[in-house]
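In: build me a structure from this.
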Amino acid sequence: MMSKLASQSKLTTLKLDTQMLQTLKVQTVALQAINDFFHNKDFIQLMPVILSQITDPLCHSVHEPQIKYLGQDLQLTKSMIFHKQLAIAALGCEGIYVLSPNIRLELSELKTSGKHLLEFTQLDIEMRNTSAHEFMSLMEDLIISIIKKVKNSYGAELEKDGIKIRVPKKPFKVYRSWDLKKEFGNEYGKQISLQEKDPFWITDFEREFYDKEDPDKKGHYINYDLYYPYGFEEALSGGEREYEHNILVKKIKERNQDLKAFELHLDLAKKALLVPSAGGGLGIERLIRFLTKRKHIKDVTLFPKLPGEKVEF
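Out: Reported below is the predicted structural model:
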């Protein structure tokens with residue numbers, strides 16, 4: 001009986017949480033702004049992929065979210081990177097977007113980061129025959145339109161709680177990762193985020209094999225991360241994509257990864273069915289955390305699941 005009453009009390013507390021209600025109002029408006037923005041750009045909205053034989057390998061270690069079904073090994077989506085590339089090639093449209101649930105079973109030490117969840121929603125975008133510069137410009141327009149809509153809808157309400165909505169202007173600042181690393185060390189992202197007052201870009205990261213390597217500068221990449229100011233750090237990660245079979249195979253081998261794990265993607269590349277594209281993934285919960293200036297990402301979702309903690313509900 002006591003455990004049942006405790007559970008009821010917890011749910012009652014959730015219902016009476018006015019700060020969470022305010023946060024979810026902001027989220028609702030932000031999601032509307034996202035859909036309106038891409039609708040006006042004639043982008044095609046896809047439904048998310050939850051199960052697949054292939055998903056993002058990521059450039060950092062996680063516990064792999066895998067299940068078996070009818071004797072087949074399947075993975076829960078860590079991001080729709082491969083599905084986006086296939087879709088943009090197959091549909092022949094200019095751009096696609098999807099609000100994609102992601103499962104990333106992060107290691108326990110990230111529990112206190114304030115920005116990691118085991119499950120979250122990612123706005124995944126991909127554009128055909130697009131340069132990094134063009135994609136970054138579009139994302140700046142998107143961020144500005146979201147912030148403007150939130151400010152118009154809830155700016156006064158948020159300001160009563162000491163949360164000011166600042167609308168940035170284009171173009172956003174751009175930093176190179178190598179330059180920042182020399183100045184700040186490995187924590188450069190956090191350090192420069194604390195110094196800035198508007199969103200900004202960091203470019204040129206050595207990471208996943210599908211990010212395009214600069215043909216003129218070996219070891220440098222045509223990719224980018226969008227960062228929030230005031231210490232809120234990474235917002236979006238993306239880049240131009242590799243799509244040629246021989247280059248993909250070379251880069252997978254360089255990273256000591258298993259070619260068989262990506263054979264579906266490699267087969268498409270071998271048949272020349274992939275096309276040049278650029279894209280990125282924007283974390284929705286991180287966006288809402290930045291807009292509402294919440295201390296921890298668990299404060300922007302009703303049912304947070306954190307690294308290193310048991311799932312309760």
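
In: next, the buried residues of the helix or strand containing I202.
Out: Here I202, judged by DSSP states H and E, is contained in strand 200-203. The neighbour-count check on strand 200-203 (16 or more other Cβ atoms under 10 Å) flags F200, W201, I202, T203 as buried. For the C-beta atoms, the positions are set from N, CA and C on the backbone; glycine is no exception.

In: the last one bridge partners, please.
Out: So the one you mean is T203. On the basis of DSSP bridges, T203 is bridged to R176, Y224.

In: just checking, it touches V174?
Out: Yes. At 6.2 Å, T203 counts as touching V174 under the criterion of Cβ atoms under 8 Å.

In: closest one of the buried residues of strand 200-203 to E159?
Out: Closest to E159 out of those is F200 (23.7 Å), distances taken as Cβ to Cβ.

In: leaving out the residues flanking it, which one is nearest to the closest one?
Out: Spatial nearest neighbour of F200, chain neighbours left out: K173 (4.1 Å); criterion: Cβ to Cβ, 6 or more residues apart in numbering.

In: relative to W201, how far out is that neighbour?
Out: 7 Å (Cβ to Cβ, to the nearest Å).

In: what's the answer for H60, then?
Out: 20 Å.

In: kindly report the same for P229.
Out: In terms of Cβ to Cβ, P229 sits 12 Å off from W201.

In: what about the strands in the chain?
Out: In the chain, the strands defined using DSSP state E lie at 44-45, 51-52, 62-63, 66-69, 72-76, 95-103, 105-106, 119-128, 173-176, 200-203, 223-228, 233-240, 277-283.

In: now render those as TSV, adding mean pLDDT and distance to Y188.
Out: Shown next, in TSV, are the strands of the chain (pLDDT from 0 to 100; distance: least, Cβ to Cβ, whole Å):
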stretch	mean pLDDT	distance to Y188
strand 44-45	98	35
strand 51-52	96	34
strand 62-63	92	23
strand 66-69	95	34
strand 72-76	95	31
strand 95-103	98	25
strand 105-106	94	21
strand 119-128	98	24
strand 173-176	98	8
strand 200-203	98	8
strand 223-228	98	10
strand 233-240	98	11
strand 277-283	98	20
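
In: contact partners of stretch 170-183?
Out: The contact list for stretch 170-183 (Cβ atoms under 8 Å, 6 or more residues apart in numbering) reads 136-137, 140-141, 144, 188-189, 191-192, 196, 198-205, 226.
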